[in-house]
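>>> Sequence and predicted structure, then a few things I'm wondering about:
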Amino acid sequence: MLMMPRMRALVAAATLATLAGGSALAQDAVTIKMWTLDNTGYPEFIAQAAEEFKKTHPNVTIEHQTFPGDPYKTGLQVALVGSDGPDVFFNWSGDDAKRLAKDGLALDLTSYADAPGAFGTTVGEGYLDAFRYDGKLYGVPADAVSKYVFYNTAYFAEHKLEVPKTLAELGTLCKAIRTIDPNTVPMPLGNKTRWKAIHWMTMLNERELGVDGTAADYDLSRPADELYTDAGYAKAFQDLLDLQDAGCFEEAPNATDYTVADTMFSSQASPMEFCGSWCISGFETAGFTDVGFFRLPVVDGGRGDAGANFLVPEGFQVSAKTAHPQEAVDWLSFLVSDDQAAKFVEYTKFMPSNPAKIDTVEGVSPLFKELAADVGTFTQGVNVLDVLLDAAVSEAYLNATVEVLNRTMTPDQAVEAIRKVALEAQAKAAS
Amino acid sequence: MSQSPSRMLDRWMSAGMLAPALLLVGVLVLIPSVLAVVGSFYEFGITSQNWVFVGLSNYARAMADPVFWTALKNNIFLIIGSIITQVGLGTLFAALLDRGVRRGNTFYRTIIFMPVIISSIAVAFVWILIFDPNVGPLNAVIKGIGLTPPRLGWLGDPNISLYMLLVIAAWQNVGFQMVLVLAGLQAIPKELYEAAALDGAKGWRAFVHITLPGIRNVLMVGTLICIIGGLKVFDLVFVTTGGGPANATQVIGSYTYLQAFTLGNMGYADALSVILLVVALGFGWLQLTLSRRG
Amino acid sequence: MNGRTRLVAIGMHLILTVWTIFVLAPIGLMLISAFKSQAEIFTKPLSLPGSLNLSAFQRAWNIGIGSFMLNSLLVTVLSVAVIITTSGLAAYVLARSEAKVMKWLYILIIASFAIPVQSVLVPLYQMVSGGHMLNSQLGIVLPYAAFGIPFTTVLFYAFFLEFPRELEEAARLDGCSRLQIFFRIVVPLSGPVVASAAIFQAVFNWNEFLLALMMLTEKSVRTLPVGIYGLTTQYSSDWPAIMAALTIATLPLLILFILAQRHFVRSLAGLGK
């Protein structure tokens, strides 16, 4: 079965060669259309990888197209249903990837994974699990993003500030910074596009309830009368409000663009920011090197685990409609091979799913290496709410968080609103 | 005898001349409208292939959906608001340029019309920057003169952001309305005013009895453009507020998009579309009867 | 001139000047921000750029603003050409025919004018996708045309109703067919209404965002609005580059408009008739 496409290609090539009077043509030309996001360094990384891939697969051409974040999800879904979709595409692990698998649009890669040199042999189990649904593999994990509180080490040293050990200490720290200068925003939030605060809630939920405490609510498997009834959810919202009351965030965080928040930190106007591992390249571009980081602190009396931290595996899926599944998987396996994973770090500054050669990468800052080392010590990865949850619940969570920050909803009302949508989603899934 | 074949030819020719327009409108406007109506009776997702017949429940859901009513209310607010601001200011500026101001006439007209030709996406990006609560120039100015800017931001407080959307829309479209009215004003024969002046009708009375009837059609076209624009509004909301905070600035266009492409409720999105369609047809019918009467 | 009329004149100038400044301020901000660094935009919103920095323009150009503009131009020109031709032909027949079915067709056209694109977004998307026309300029030109035809037809219809029939009668006696009359007699005298309809549709299609966002996902075929929207990426936005891109996209049009504004505005006047 697996050999079929190749066999056919060989037969076709042989026939063609005979017809062409024995010309040197060996294989059919194959074009793999690849869609990814527009992240920094991505086009360059793919371009060199495609060049390199040609050495072993001379007949395969990679056609790479990039998209901005928001229209990507939409464009991808409609394209996969339509006729002009990509053969392989970037996706986050979570609800979207799962739905594509469920709707038969993403190819089951289980049978390809363990061939010699294939991605199943180079990428760790933990990563593979992120794309496993009902025991089958539906994606090739390429990297993961994590999230930390970054801080300005020079500022901290100058004002003799210390890294907080609990969330309450973080609040105290914000107050201390406001005392130094009331106009300094300690850690800008930038929640205009709603995902910054949902990242906070992702971690605050973990700090209050722990990964195991949330799992059954997130995947809607908890009995209806207990769904989202844990008091920890409201408490997590309250934690966010406490930080806001301590003066941590800027004015009108829901109207502030995330780029504004990022720039406030990297231009050293603000001494802290809760930012993704992807933010490092932004600091470097701005020439800002006095950067340290710590994990979002634990909560006193919370059920969370200091060893658990934000971790969203991302990777590539293969369209069920592709005409060249073998070549597509070969290409993806190539991208996560030892050498290419190292190149990937070099170009994109993202945490690779295959860290075998990460130490050999040149031109990577000490900060990045420290961060990569820390990611390796997580006891548990915490996947982000807005990709993990059912789409309707995720939308409700995003909106509730906005309203809590705006003080148009109390934490209890917010949880109630989420619970209502979760119950609907649960009933719908059961029907 | 010779008449008949040429009549036939004429008829075929007429059909041929009508065909391209009717074909395009039929295939790409009318058939999709019918399909939207059909889809509104089903439940299906973008990526799911199985359609489940649900009768009228998508419509029942809309009636019970507070966000739908917010969106509809916002559309109507934007329609009325843009008629007042755009047609109103456009008429004012046109009147000033036509009869009041002699010097700098072309200058004013050129500048005021300029935003019309700038892409509304471009416009939205610039305004996002202007309205930013922390680093935007507007807040810097407001704080500079000792006032307090809105707590949730210009685009973050639903009680303010809808008005801000009106400001942006007016910035972009007043010039268009102005030129429209200007053309109408210039088409009124000067002799009418002279004759009226002889009868003692000047100033305000001349305006009511000559100018207003003269530009009646133009104002109607302008109003219609505001209505259609207000029903169709999408870009402005999508890029500036994204329908937020918490759906407070959602309009039917952006809410349909959210339901269809973010939440994957295609059938419900179709039902929302059909409702918008009915509202739009209602306005179209109103326009038709009003213009017939005139 | 007495004191009172002078006061009124000053008042009128004041009103127009205030609006002029209001119109120019955002355009000025766009221009200035294009020369600033990201940090300057965000930390000194009201100041001028520290140095005359052209790198943002370089970055914006590298993103492909040039090709976005070409795509927009192509799509706009094609769709306007289709709209004007098909609407003109149809409106002429509708305006000259007495048959009852024509009245109904006209009402159908008016009704379709009221149908917003969003109402048919989902099925239209499925049709274009099913017709293998996603990511093709033709795939977007046809819907643009279809949605521009009703309004333009109504516009032309009104114009043709008032068109002097004597000329046409004379041509008919000379043995011209309806099509010949249309092209030889009617079209040459329809300059103003064609120009105004063309400008209206051109502005509309040049700026169209929603359909383009859905149907032109490949970078090589994106039009300007979608291209500009794409400048904000998943995790970062390069504001100076966005402002530079907006400037590159806007300035040629503005200059063209200022040079040709006399004709432009006069043509648009046809809409009000």
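Structure received. Values in this document were obtained by computation on a predicted structure and should not be read as measured data.

>>> ok, which stretches of the stretch 1-150 of chain A are strands?
Along the stretch 1-150 of chain A, counting by DSSP state E, counting those that start in this stretch, strands occupy A:30-37, A:60-67, A:88-92, A:132-133, A:136-137, A:140-152.

>>> Please apply the same query to the stretch 151-300 of chain A.
So, for the stretch 151-300 of chain A - with DSSP E, counting those that start in this stretch - the strands run A:272-276, A:291-294.

>>> winner for burial among those?
Most buried of those, by mean neighbour count (mean count of other CB atoms under 10 Å in any protein chain shown): strand A:272-276, with a mean of 26. C-beta coordinates here come from the backbone N, C-alpha and C atoms, glycine included.

>>> Quick one: work out the angle between that one and strand A:140-152.
Counting by axes from the mean of the first three to the mean of the last three CA atoms, to 10 degrees, strand A:272-276 lies at 180 degrees to strand A:140-152.

>>> What distance do you get for residue C:25 to chain A?
From residue C:25 over to chain A the distance is 20 Å, taken as CB to the nearest CB, to the nearest Å.

>>> residues near residue 112, how many?
Defaulting to chain A. When neighbours are counted by other CB atoms under 10 Å in any protein chain shown, residue A:112 registers 22.

>>> nope, chain C
Applying other CB under 10 Å, we find 22 other residues in the vicinity of residue C:112.

>>> Pull the residues that contact the helix or strand it falls within.
Here residue C:112 sits within helix C:100-113, counting by DSSP states H and E. The contact list for helix C:100-113, computed with CB atoms under 8 Å, 6 or more residues apart in numbering or on different chains, reads B:18, B:21-22, B:25, B:29-30, B:228, B:281, B:284, B:288, C:90, C:93-94, C:149-151, C:153-154, C:157.

>>> so what's the most centrally placed residue in chain C scoring on pLDDT?
Closest to where the C-alpha atoms of chain C average out (CA atoms, centre = their mean) is residue C:203, at 1.3 Å. On pLDDT, residue C:203 comes in at 81.

>>> Looking at the strands of the stretch 1-150 of chain A, which is nearest to residue A:352?
strand A:140-152 (5.4 Å; CB to CB).

>>> how about the helix or strand where the residue nearest to the centre of chain C lies: buried residues?
Take DSSP H and E as the rule and residue C:203 turns out to sit in helix C:191-207. When burial is assessed from 16 or more other CB atoms under 10 Å in any protein chain shown, helix C:191-207 yields the following buried residues: C:192-207.

>>> which helices and strands sit right next to that helix?
In terms of contacts (3 or more CB pairs under 8 Å, 6 or more residues apart in numbering or on different chains; DSSP states H and E), helix C:191-207 is packed against helix C:65-96, helix C:137-161, helix C:239-268.

>>> mind running it again at 10 Å?
Secondary-structure packing of helix C:191-207 (3 or more CB pairs under 10 Å, 6 or more residues apart in numbering or on different chains; DSSP states H and E): helix B:120-131, helix B:158-186, helix C:65-96, helix C:137-161, helix C:224-229, helix C:239-268.

>>> how far out from the middle of the chain is the longest one?
Relative to the chain's own centre, helix C:65-96 is displaced by 10 Å; criterion: CA atoms, centre = their mean, to the nearest Å.

>>> near chain A, anything from it?
No. Residues of helix C:65-96 are not located near chain A by CB under 10 Å from any CB of the partner chain, the shortest gap being 13.0 Å.

>>> One more: the second one?
Yes. Legend: contact between helix B:158-186 and chain A by CB under 10 Å from any CB is shown at B:158, B:161.

>>> Provide the angle between the direction of that helix and the direction of helix C:191-207.
Angular relation of helix B:158-186 and helix C:191-207 on a 0 to 180 degree scale: 160 degrees, by the same axes, to 10 degrees.

>>> buried stuff in helix B:158-186?
Those would be B:158, B:160-162, B:164-185, for helix B:158-186 by 16+ other CB under 10 Å.

>>> which is the next helix or strand following it?
Next element after helix B:158-186 (DSSP H and E): helix B:190-198.

>>> which outside residues touch that following helix?
By CB atoms under 10 Å, 6 or more residues apart in numbering or on different chains, the residues outside helix B:190-198 that reach it are B:99, B:189, B:201-203, B:205-206, B:209-211, B:213-214.

>>> swap the cut-off to 7 Å and go again
Helix B:190-198 is contacted from outside by B:206, B:209-210, using CB atoms under 7 Å, 6 or more residues apart in numbering or on different chains.

>>> Restrict that helix to CA atoms and write it as PDB.
The C-alpha coordinates for helix B:190-198 follow below in PDB (Å, rounded to 0.1, in the frame of the first residue of the first chain):
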ATOM      1  CA  LYS B 190     -29.200  80.500 -11.600                       C
ATOM      2  CA  GLU B 191     -32.300  82.000 -13.300                       C
ATOM      3  CA  LEU B 192     -34.500  80.300 -10.700                       C
ATOM      4  CA  TYR B 193     -32.800  82.200  -7.900                       C
ATOM      5  CA  GLU B 194     -33.100  85.500  -9.900                       C
ATOM      6  CA  ALA B 195     -36.800  84.900 -10.600                       C
ATOM      7  CA  ALA B 196     -37.400  84.100  -6.900                       C
ATOM      8  CA  ALA B 197     -35.400  87.200  -5.800                       C
ATOM      9  CA  LEU B 198     -37.800  89.300  -7.900                       C
END
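
>>> buried set for it?
Those would be B:192-193, for helix B:190-198 by 16+ other CB under 10 Å.

>>> mean confidence score for it?
The model assigns helix B:190-198 a mean pLDDT of 83.

>>> Tell me if the following helix or strand past it is near chain C.
Downstream of helix B:190-198, the next assigned helix or strand under DSSP H and E is helix B:203-206. No. Helix B:203-206 does not reach chain C (CB under 7 Å from any CB of the partner chain); its nearest approach is 11.7 Å.

>>> From residue B:241, how far off is residue B:71?
In this view, residue B:71 and residue B:241 are 12 Å apart by CB to CB, to the nearest Å.

>>> Name the nearest residue to residue C:143, sequence neighbours excluded.
residue B:28 (5.2 Å; CB to CB, 6 or more residues apart in numbering or on different chains).

>>> pretty sure that neighbour is touching residue C:141, no?
No. Using CB atoms under 7 Å, residue B:28 makes no contact with residue C:141, being 10.8 Å away.

>>> Contacts for stretch A:191-211, please.
A:147, A:167, A:189-190, A:214, A:230, A:232-233, A:235-236, A:239-240, A:253-258, A:261, A:274, A:296, A:298-299, A:302-305, A:308, A:310, A:380, A:382, A:384-386, A:397-398, A:401-402, A:405, B:242.

>>> at 6 Å instead, please
The contact list for stretch A:191-211 (CB atoms under 6 Å, 6 or more residues apart in numbering or on different chains) reads A:147, A:189-190, A:214, A:230, A:232, A:235-236, A:239-240, A:253-258, A:296, A:298-299, A:302-304, A:308, A:310, A:380, A:382, A:384-386, A:398, A:401.

>>> Tell me, what's the model's pLDDT at residue C:87?
95.

>>> leaving aside the residues next to it on the chain, what's closest to it?
Nearest one to residue C:87, counting by CB to CB, 6+ apart, is residue C:152 at 3.9 Å.

>>> In three-state terms, how would the spatially most central residue of chain B be classified?
In chain B, the centroid-proximal residue (CA atoms, centre = their mean) is residue B:229; its distance is 1.2 Å. Assigned with DSSP: H, G, I helix; E, B strand; the rest coil, residue B:229 falls in the helix class.

>>> Based on its surroundings, how many neighbours for residue B:246?
24.

>>> Go ahead and confirm residue A:344 touches residue A:352.
Yes. Under the criterion of CB atoms under 6 Å, residue A:344 makes contact with residue A:352 at 5.3 Å.

>>> Can you show me the helices along the stretch 151-300 of chain A?
Residue ranges of the helices in the stretch 151-300 of chain A, as given by DSSP state H, counting those that start in this stretch, are A:153-158, A:167-180, A:195-218, A:231-245, A:258-266, A:280-285.
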